[in-house]
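1. Provided below are the primary sequence and the corresponding predicted coordinates.
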Protein chains: 2
Amino acid sequence: MDFLKPDTVLDLANIRDALVRMEDTIIFNFIERSQYFQNSSVYEINKYPIPNFDGSFLDWTLCELEKVHSQVRRYESPDEVPFFPDEILPPLLPSINYPKILASYSSDVNINELIKKNYIENIVPLISAGNGEQPENLGSCTTCDIDNLQALSRRIHFGKFVAEAKFQNERAKYTKLIQDKDIEGIEEAITNSAVEEKILQRLIAKGEVYGIDPTLKFTQNVQSKVSPEYLAKIYKDWVIPLTKKVEVDYLLRRLEDD
Amino acid sequence: MDFLKPDTVLDLANIRDALVRMEDTIIFNFIERSQYFQNSSVYEINKYPIPNFDGSFLDWTLCELEKVHSQVRRYESPDEVPFFPDEILPPLLPSINYPKILASYSSDVNINELIKKNYIENIVPLISAGNGEQPENLGSCTTCDIDNLQALSRRIHFGKFVAEAKFQNERAKYTKLIQDKDIEGIEEAITNSAVEEKILQRLIAKGEVYGIDPTLKFTQNVQSKVSPEYLAKIYKDWVIPLTKKVEVDYLLRRLEDD
C-alpha cells in the first residue's frame, strides 16, 4: 500500500493486509499498557491543574504531542486523524501533496472523541494491571495510552478506505442505499460476518503468542499481559462496531462528492 | 520494583526481571520500525530546514517530545535520561520526591549521544526494511526511532542500578578497584559471561516468536520483522557493551558520594 498511488490503497486485499498488521501494533501497545495500573486520575478533567488548559492529564499530553507531530506532517497523511483538530499546527516541512484517495469531506469524519471515551471507559479496565494509582507512573501510563489511542484511531478510521473501496466496487448498489438514507441496508452491505469471526480467532492466536515471554512459558513467573479473550472482546465490542460507524458516516455523505 | 522503595530497585533479581521485560519492549519497537525503509535523511544534520533549530529531523522531533514529556515529570524518574538535558522544561505537576537510590552525580552519567550514534549507524541498517527513502513515511519512521532510542536509553542506563547494587553488595572490592582507577578490573568484576550468553539465547527465542504473525506462519506472506540473529547481535555488540560503559562510568565516580 502506497498513499501516493491511490489504486494500491483502495485494493481491498491491501487494506486487509494493513489491518492485519495493525493488529500486531495494537496488541504490542496493549501489552505495554498492561504493565501499569488503571491510574484513572489521568482521565479526570482538571484533576491536575495545568496552566491555560481545560481537560485531563491525558488530554494535555496528547494535545501537545499532536502539535509536535502535526509539524512533521502527521495529519497530512490520509490515514491519520487528530484528536485535537483545532489545536494542531501547520507543518514545518513542505507538504507531500498526496493524490486524492478519499472524498473531499473525509477529514470531517472524525470519531476520535468517541474512541477516547470507549477506550477510557471500556478498554483500559480490560488491559491494565488492575485498579489503583501509581503516582510515579502517570507519565509512562499516559504515553502508552496515547500509543493505544493513536493506533486504535488509525485502525478504526481505516474504515474510510474500506468504505471508499466498497463504494467504487459496487457504485450502483451503494448509491441507491445512500439516496434512500438506508443506514441498516448500508450496515448490512458492509458487514461480512465470516471475516469478522476470522479476525477474532486471529486475535486470540496472536494474543496467546505475543502476550507470553516464550522463555518463561513454563515457569511460575507472573507476566504482565493482556488476556487473548479480552483482545477478541475489545475488537468485537468496540473496534469493529466503531470501524463500521466510520464506514457508514463516510458513505452517507458519499454522493456529495460525485 | 518500586522507585519509591530503594530496596526493591537495588535488588539484583528485580533488576534482572525489569531488564528481561524491557527486551520485549525493545523487540516490539524494533518490529514496528522494520515496517519502514532506512530513511537516512531524517538523521542528516540540517537536511530539512527547520526554523531556529540546528540538527536533524529526528533531533528536532525528539527534542520537542522531550519538552512535552519533561513537563509531565518523565525526567524526574531515576530510570529516565533525556537526550536534550539542556532543553527540557520544568514539570507542570508537583514533584514526586523520589527517595535517593543512586549517587548524587548520577544524572551526569548520560551516554545518550553515543547511544544515538550507534543506533543510527549500526542498528537502523539491521532493523529497517532496506535501503531507501519514503518521503511520506519520515514522520512515522521518526516516531519509531524515538520509541527505540528511549527504550534503548532506559535499558542501557539501567546499568546505574546494576552498578549501585553491585557496589553495595561488594563495597570493599569495588572501593579498591575504584581507588586504583582499575577500569579493566571493574569491567571484569561487573561481567558475567554466562548471564550474557543467556540474554542472547533469550533474544533469539523471543525474536522467533514475536517477529512472526502466528496465523501466517505457514503461508507464503512476506512479513515485516527483525531477524532474531540481528537482535542477538545488537545486544552483543552494542546494548551490553554500552550498559557496561554506564556501569563503569558510574562506578569510577562512586567514592565521591560516600
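-> Cool, got the structure. Residues are numbered from 1 along each chain as shown, chains lettered A, B, ... in the order given.
2. Phi, psi for the nearest residue to A:Gln134 once chain neighbours are set aside please.
-> Closest residue in space to A:Gln134, ignoring its immediate chain neighbours: A:Phe37 at 5.4 Å, by CB to CB, 6 or more residues apart in numbering or on different chains. C-betas here are computed from N, CA, C, even on glycine. Here is the backbone geometry of A:Phe37 (degrees, to the nearest 10): phi -70, psi 180.
3. How many residues are close by A:Phe37?
-> By other CB atoms under 10 Å in any protein chain shown, 14 other residues sit near A:Phe37.
4. burial measure for A:Glu247, as a count.
-> Using other CB under 10 Å, A:Glu247 has 26 neighbouring residues.
5. any idea how far it is from chain B?
-> Applying CB to the nearest CB, to the nearest Å, the value for A:Glu247 to chain B is 24 Å.
6. where do the helices sit along the stretch 1-150 of chain A?
-> A:6-9, A:12-33, A:57-71, A:112-118, A:124-127, A:138-157 (DSSP state H, counting those that start in this stretch).
7. In a markdown table: those helices, plus distance to B:Glu188, mean pLDDT and mean neighbour count.
-> As requested, those are exported to a markdown table (distance: least, CB to CB, whole Å; pLDDT from 0 to 100; neighbours: other CB atoms under 10 Å in any protein chain shown):
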| stretch | distance to B:Glu188 | mean pLDDT | mean neighbour count |
| --- | --- | --- | --- |
| helix A:6-9 | 56 | 90 | 16 |
| helix A:12-33 | 36 | 93 | 19 |
| helix A:57-71 | 44 | 95 | 22 |
| helix A:112-118 | 53 | 98 | 17 |
| helix A:124-127 | 44 | 96 | 18 |
| helix A:138-157 | 35 | 96 | 22 |
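8. quick one, which of the ones you listed is nearest to B:Ala194?
-> helix A:12-33 (28.7 Å; CB to CB).
9. Point out the other helices and strands that that closest one packs with.
-> helix A:124-127, helix A:138-157, helix A:159-169, helix A:193-210, helix A:228-234, helix B:12-33 (3 or more CB pairs under 8 Å, 6 or more residues apart in numbering or on different chains; DSSP states H and E).
10. any chance of those in JSON lines, plus distance to B:Val109?
-> Formatted as JSON lines, these follow (distance: least, CB to CB, whole Å):
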{"stretch": "helix A:124-127", "distance to B:Val109": "35"}
{"stretch": "helix A:138-157", "distance to B:Val109": "21"}
{"stretch": "helix A:159-169", "distance to B:Val109": "48"}
{"stretch": "helix A:193-210", "distance to B:Val109": "34"}
{"stretch": "helix A:228-234", "distance to B:Val109": "40"}
{"stretch": "helix B:12-33", "distance to B:Val109": "16"}
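11. how about the nearest residue to the residue nearest the centre of chain A, chain neighbours excluded?
-> With distances taken as CA atoms, centre = their mean, A:Leu152 lies nearest the centre of chain A, 1.9 Å away. Spatial nearest neighbour of A:Leu152, chain neighbours left out: A:Ile115 (5.7 Å); criterion: CB to CB, 6+ apart.
12. Then A:Gly132?
-> A:Phe37 (4.3 Å).
13. again with A:Pro228
-> A:Gly207 (3.1 Å).
14. so that neighbour makes contact with A:Lys233?
-> No - using CB atoms under 8 Å, A:Gly207 is not in contact with A:Lys233, being 10.8 Å away.
15. Settle it for me: which of these two has more neighbours?
-> A:Gly207 (23 against 17).
16. Now do the same contact list for that one.
-> A:27, A:226-229, A:231-232 (CB atoms under 8 Å, 6 or more residues apart in numbering or on different chains).
17. The same query, at a cut-off of 7 Å, please.
-> Counting by CB atoms under 7 Å, 6 or more residues apart in numbering or on different chains, A:Gly207 touches A:27, A:226, A:228, A:231.
18. do A:Thr25 as well
-> Contacts of A:Thr25 by CB under 7 Å, 6+ apart are A:151, B:32.
19. Could you show which parts of the stretch 51-200 of chain A are in contact with chain B?
-> Contact residues (CB under 7 Å from any CB of the partner chain) of the stretch 51-200 of chain A with chain B: A:61, A:64-65, A:68-69, A:72-74, A:77, A:92-93, A:96, A:135-136, A:139, A:142.
20. May I ask which two of these are separated the most?
-> Largest pairwise distance in these, by CB to CB, is 41.4 Å, between A:Ile96 and A:Pro135.
21. Excluding sequence neighbours, find me the nearest residue to A:Ile45.
-> Nearest to A:Ile45 is A:Ser56, by CB to CB, 6+ apart, at 5.5 Å.
22. and the one you found, what pLDDT?
-> For A:Ser56, the model assigns a pLDDT of 95.
23. That one against A:Ser41, yeah?
-> No - the pair formed by A:Ser56 and A:Ser41 falls short of the contact definition of CB atoms under 7 Å, at 8.6 Å.
24. Comparing the two, which residue is more hemmed in?
-> Shown here are A:Ser56 and A:Ser41; by other CB under 10 Å, A:Ser56 has more neighbours (22 against 15).
25. Backbone torsions only: list them for that one.
-> Here A:Ser56 shows phi and psi, under degrees, to the nearest 10, equal to phi -90, psi 170.
26. just A:Gly55 next, same as before
-> Taking degrees, to the nearest 10 as the convention, A:Gly55 sits at phi 160, psi -170.
27. okay but it is in contact with A:Glu44, surely?
-> No - contact criterion CB under 7 Å: A:Gly55 and A:Glu44 do not qualify, at 9.8 Å.
28. more neighbours, those two?
-> Per other CB under 10 Å, whichever of A:Gly55 and A:Glu44 has more neighbours is A:Gly55, with 17 against 13.
29. residues contacting the residue nearest to A:Gly132?
-> Contacts of A:Phe37 (CB under 7 Å, 6+ apart): A:128-134.
30. Let's see if you can find the most crowded of those residues.
-> A:Ser128 (23 neighbours).
31. hey, C-alpha coordinates of stretch A:41-59 in CSV?
-> Only the C-alpha atoms of stretch A:41-59 are listed here, as CSV (Å, rounded to 0.1, in the frame of the first residue of the first chain):
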residue,chain,number,x,y,z
SER,A,41,-6.8,10.1,37.6
VAL,A,42,-5.1,10.8,34.3
TYR,A,43,-8.5,10.8,32.6
GLU,A,44,-10.2,13.1,35.1
ILE,A,45,-11.0,16.6,33.7
ASN,A,46,-8.9,19.2,35.6
LYS,A,47,-7.8,16.7,38.2
TYR,A,48,-4.2,18.1,37.8
PRO,A,49,-4.0,21.9,37.5
ILE,A,50,-2.3,22.6,34.2
PRO,A,51,-2.0,26.3,33.4
ASN,A,52,-4.1,27.6,30.5
PHE,A,53,-5.6,24.2,29.8
ASP,A,54,-9.0,22.7,30.4
GLY,A,55,-9.0,18.9,30.3
SER,A,56,-7.4,15.8,31.6
PHE,A,57,-3.7,15.0,32.1
LEU,A,58,-4.1,12.6,29.1
ASP,A,59,-5.7,15.4,27.0
